[in-house]
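Participant: Turn this into a structure:
(chains A and B)
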Protein chains: 2
Amino acid sequence: MQIAIVLFDRFTALDAVGPYEMLSRAPGAETVFVAERPGPVRNDSGSLSLTAERTLAEVSAPDVVIVPGGPGQSDQMENGTLLGWLRTVDATSTWTTSVCTGSLLLAAAGLLTGRRATSHWLALDVLTGFGAEPTGERVVVDGKYVTAAGVSSGIDMGLTLLGRIAGDDHARAVQLLTEYDPQPPYDCGAPEKAPAAMVEEWRAKSRFILR
Amino acid sequence: MQIAIVLFDRFTALDAVGPYEMLSRAPGAETVFVAERPGPVRNDSGSLSLTAERTLAEVSAPDVVIVPGGPGQSDQMENGTLLGWLRTVDATSTWTTSVCTGSLLLAAAGLLTGRRATSHWLALDVLTGFGAEPTGERVVVDGKYVTAAGVSSGIDMGLTLLGRIAGDDHARAVQLLTEYDPQPPYDCGAPEKAPAAMVEEWRAKSRFILR
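Facilitator: Okay, the predicted model is just below:
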């Protein structure tokens, strides 16, 4: 089973590494980071580089595709090479997935039309513009399309998908080995849990970021 | 504020990227990945490479030190260069921290003697051998030493520390932006929550892994 994780300039690191840490532990998984060009790819803050081992062209039929998000997603929305690759690999993939604003790239490729999906809470409206049906859920499974909400939700997506791929017992063992028993020190991780002023502040800022 | 994250061969990616994603969002933070040699460093599965931008020698006085764990930790337990660097930077750090078996490296450097600390649940006994006092907590703060349990607990550690460094309001905003509202699909993320047979199976296997 080949798992391809797409990298692009200014991706968000945890979007990619969260599901990676879960799904790369599937029995027989071969995980490969791919990008238009091989080599180090810088994240949104510029201080982290993950290596793309292969080009998109070199990975033509992965079983699982994972598209992370991040501020750099907006620069890819009209990238025909990437969107064309997503359409091509989706034709034979078993699972096509995203984390955060990665779902906007799946949507721009035309893969989420008429489907239930999610994205970062600040980007749900953009999803609607592409004919997808955003939900408030953290992980959305619609057929073979699995989309996750913002950044850290990719861990929940990865573990959910690992259960589908390798069975509940294997997924539980991976949860135990990665000690995924979260205990956030605050309870402010979703817009309905955060102070209204904080939510509004970020909605206002995001109008200049998301498109 | 400079944050140094240590990389070594066969580290676990989420150990490093979890706290990175939280702490790199502190105001004025400069985050740098460091290793004995600069360049790509491979993780435990071999399919992921994070770039070390600087050598240990080039980063001599970080404010925050983060030591991830992973299977490769055992090869570093007598690495005088790394352990010596940990002792040197600890002399002037504001916070010295670890995730997973990274705490064994802090312990081997003599930094946790007599301190409350934690590690991956399979490694807590090893911590005792170095004179530390392991606890069952997910994140342990003892003075300036902050240790986290296995793999994914580095996110909770990072957010906890971000609150101390940048204030609760900033930490809450980062929790909201990273949508850290975890909803694991299983409840098997700690040994006391997992089936006894699963815990015993991994305890038996770990006797050959940890030292």
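
Participant: What is the burial count for residue A:84?
Facilitator: Neighbour count of residue A:84, defined by other Cβ atoms under 10 Å in any protein chain shown: 12. Placement of C-beta: from N, CA and C, glycine included.

Participant: likewise residue A:21?
Facilitator: If you count neighbours by other Cβ under 10 Å, residue A:21 ends up with 29.

Participant: thought it was touching residue B:11?
Facilitator: No. Here residue A:21 lies out of contact with residue B:11, judged by Cβ atoms under 8 Å, at a distance of 11.8 Å.

Participant: Contacts only, for the closest residue in space to residue A:78 that isn't next to it in sequence.
Facilitator: Taking Cβ to Cβ, 6 or more residues apart in numbering or on different chains, and ignoring the residues beside it in sequence, residue A:78 has residue A:108 as its nearest neighbour in space, at 7.7 Å. Each residue near residue A:108 by Cβ atoms under 8 Å, 6 or more residues apart in numbering or on different chains is listed here: A:77-78, A:83, A:130.

Participant: per-residue pLDDT, residue A:108?
Facilitator: Residue-level confidence at residue A:108 comes out at 98, pLDDT.

Participant: Equivalent analysis for the one 10 residues further on, please.
Facilitator: In this prediction, residue A:118 carries a pLDDT score of 98.

Participant: now the strands for chain A?
Facilitator: Listed in chain order, the strands of chain A (DSSP state E) span residues A:2-6, A:30-35, A:39-42, A:49-52, A:54-55, A:64-67, A:95-99, A:116-117, A:133-134, A:139-142, A:145-148.

Participant: Given the longest one, what are its sheet partners and their directions?
Facilitator: Going back to what we said before, that points to strand A:30-35. Using DSSP bridges, the strands paired with strand A:30-35 in its sheet are strand A:2-6 (parallel), strand A:54-55 (parallel).

Participant: Using JSON lines, lay out the strands of chain A together with distance to residue B:28 and mean neighbour count.
Facilitator: What follows is the strands of chain A, written out as JSON lines (distance: least, Cβ to Cβ, whole Å; neighbours: other Cβ atoms under 10 Å in any protein chain shown):
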{"stretch": "strand A:2-6", "distance to residue B:28": "31", "mean neighbour count": "24"}
{"stretch": "strand A:30-35", "distance to residue B:28": "30", "mean neighbour count": "20"}
{"stretch": "strand A:39-42", "distance to residue B:28": "20", "mean neighbour count": "18"}
{"stretch": "strand A:49-52", "distance to residue B:28": "21", "mean neighbour count": "22"}
{"stretch": "strand A:54-55", "distance to residue B:28": "37", "mean neighbour count": "14"}
{"stretch": "strand A:64-67", "distance to residue B:28": "31", "mean neighbour count": "27"}
{"stretch": "strand A:95-99", "distance to residue B:28": "28", "mean neighbour count": "29"}
{"stretch": "strand A:116-117", "distance to residue B:28": "36", "mean neighbour count": "22"}
{"stretch": "strand A:133-134", "distance to residue B:28": "35", "mean neighbour count": "19"}
{"stretch": "strand A:139-142", "distance to residue B:28": "34", "mean neighbour count": "20"}
{"stretch": "strand A:145-148", "distance to residue B:28": "30", "mean neighbour count": "28"}
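
Participant: Kindly reformat those as CSV containing distance to residue B:61.
Facilitator: Below are the strands of chain A laid out as CSV (distance: least, Cβ to Cβ, whole Å):
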stretch, distance to residue B:61
strand A:2-6, 35
strand A:30-35, 33
strand A:39-42, 25
strand A:49-52, 23
strand A:54-55, 39
strand A:64-67, 38
strand A:95-99, 35
strand A:116-117, 47
strand A:133-134, 47
strand A:139-142, 42
strand A:145-148, 38
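
Participant: got any ranges where chain A has weak pLDDT?
Facilitator: A:207-211 (pLDDT under 70).

Participant: mind listing the helices for it?
Facilitator: Secondary structure of chain A (DSSP state H): helices at A:13-23, A:80-90, A:102-108, A:124-129, A:153-166, A:168-177, A:196-206.

Participant: Can you say which of these is packed in most?
Facilitator: helix A:13-23 (a mean of 29; mean count of other Cβ atoms under 10 Å in any protein chain shown).

Participant: Out of the strands of chain A, which is closest to residue A:191?
Facilitator: Residue A:191 lies closest, by Cβ to Cβ, to one member of those: strand A:133-134, at 12.9 Å.

Participant: by contact count, what packs against that closest one?
Facilitator: When contacts are defined as 3 or more Cβ pairs under 8 Å, 6 or more residues apart in numbering or on different chains; DSSP states H and E, strand A:133-134 packs onto strand A:116-117, helix A:124-129.
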